[in-house]
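A.B. asks: here is the input, now give the coordinates:
(one chain, ligands or ions: 1)
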Amino acid sequence: MEKRVVDEITKKELMNMVRCPYCEDSILAVSSKESFLDCRQCERRFTSKDGIIDFIEDKDLKEVKSVNIKYHDMEAEYYDNIHMHMQADSKLYQGLVERFDFGGKTVLDIGTGTGFVLDNFHKDARFIILDISANMLKRNLKKHNNVILGLRADSEQIPLMNSSVDMITLSSVLHHLPDPAKALDEIYRVLKPKGILFIFHEPAESPRGMIYRVVRKALRIFFPKYKKDVKREEKIKDYAGKIFGVEKDEASKKMEEYNRKTTAQESFDPKKLLPVEKYLIKETKYYYTSDTFFCRLMLFIFPKKSGDQFYIIAEKK
Ligand SMILES: [Zn+2]
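C.D. replies: Prediction:
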């Protein structure tokens, strides 16, 4: 394996970026035992193991967060196989990435999962990855050698200092959060001025997005075979069987239930997401992840602003 970028950064440099998420502006000290970080203010102790610092206290978590941890821990091993549809996003990301210089930049990828953003971004960026699921972080670290730090943390309480990162990326994350506004406040806090924020793959609240979702639902109810790729659906059922260890139709129902429970927000109006006094919006785009006949029809009727998903690129003022 190639040398990890992290080897070139001193531990001290990294630790200067980290702060206790529970008591603001506190200083963390590396404990005499190397595998712990101690908060000097609230005296909480956090474990640091294999490049991941664990800031989550599993007790007293909101239900949607506990469910997200549970399901994503279970799903981690098969995530890349199940979410193949996100490959459609791949091209989109790569097209955008070419326009920005990531070389030597420190990028915080929030809700990183198995590292879909890292797979598609410049390999010479240094990534800090954040997720609430330990298994996702472990898989991600195994796959990528440009991760400088893993944070098992809550995006509504980011354990990093103010203005500490050059870029922040989120792919398919905000709709899982019970309080996205709080996460966005945290994002604003840790991003450097002139830093770039990418928000990818969020459900769009727009009349066209609504029409699309309603018609798609109706088509699935009245024409169950409408689903474009029946084989693909069967494969997902097989993975569901592996995750839950039960017969695949039952497992598939469980999976749908978890998908519902882990989704905290139905959709967003991208125009209302980032306040103009905080960000300069560089680009907002609606798009479809699927490429069905129906999507093409929608694109034909509404060539601009058509889509059930959106991305935003913004610069912190
Ligand atoms: Zn503390």
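A.B. asks: give me the pLDDT value at the closest residue to the ion within the stretch 101-250 of the chain.
C.D. replies: Relative to the ion, the nearest point of the stretch 101-250 of the chain is Pro159 (9.6 Å; C-beta to the ion). To be clear about C-beta, it is placed using only N, CA and C from the backbone, and glycine gets the same treatment. What the model reports as pLDDT for Pro159 is 95.
A.B. asks: quick one, what contacts it?
C.D. replies: Applying C-beta atoms under 8 Å, 6 or more residues apart in numbering, we find Pro159 in contact with 18-21, 53, 55, 151, 153.
A.B. asks: try Tyr93
C.D. replies: Tyr93 sits in contact with 117, 120-121, 171, 200, where contact means C-beta under 8 Å, 6+ apart.
A.B. asks: what about it, which SS state?
C.D. replies: helix (DSSP: H, G, I helix; E, B strand; the rest coil).
A.B. asks: looking at the protein, which strand is longest?
C.D. replies: When the chain is parsed with DSSP state E, its longest strand is strand 191-203.
A.B. asks: any weak-confidence spans in the stretch 101-250 of the chain?
C.D. replies: Within the stretch 101-250 of the chain, the stretches with pLDDT under 70 are 206-209, 224-229.
A.B. asks: hey, where'd the helices end up in it?
C.D. replies: For the stretch 101-250 of the chain, applying DSSP state H, counting those that start in this stretch gives helices covering 116-120, 134-143, 180-190, 207-222, 230-244, 248-261.
A.B. asks: need the winner for burial among these.
C.D. replies: Across the helices of the stretch 101-250 of the chain, averaging neighbours per residue (mean count of other C-beta atoms under 10 Å) puts helix 116-120 on top, at a mean of 23.
A.B. asks: which non-adjacent residue is nearest the spatially most central residue of the chain?
C.D. replies: Geometric centre of the chain, nearest residue: Gly111, 3.0 Å, by C-alpha atoms, centre = their mean. Leaving aside its chain neighbours, Gly111 sits nearest to Val173 (3.3 Å; criterion: C-beta to C-beta, 6 or more residues apart in numbering).
A.B. asks: so how many other residues sit close to the one you found?
C.D. replies: 23 (other C-beta atoms under 10 Å).
A.B. asks: got the phi/psi numbers for it?
C.D. replies: phi -120, psi -50 (degrees, to the nearest 10).
A.B. asks: which phi and psi does Asp124 have?
C.D. replies: Torsion angles, degrees, to the nearest 10, at Asp124: phi -90, psi 10.
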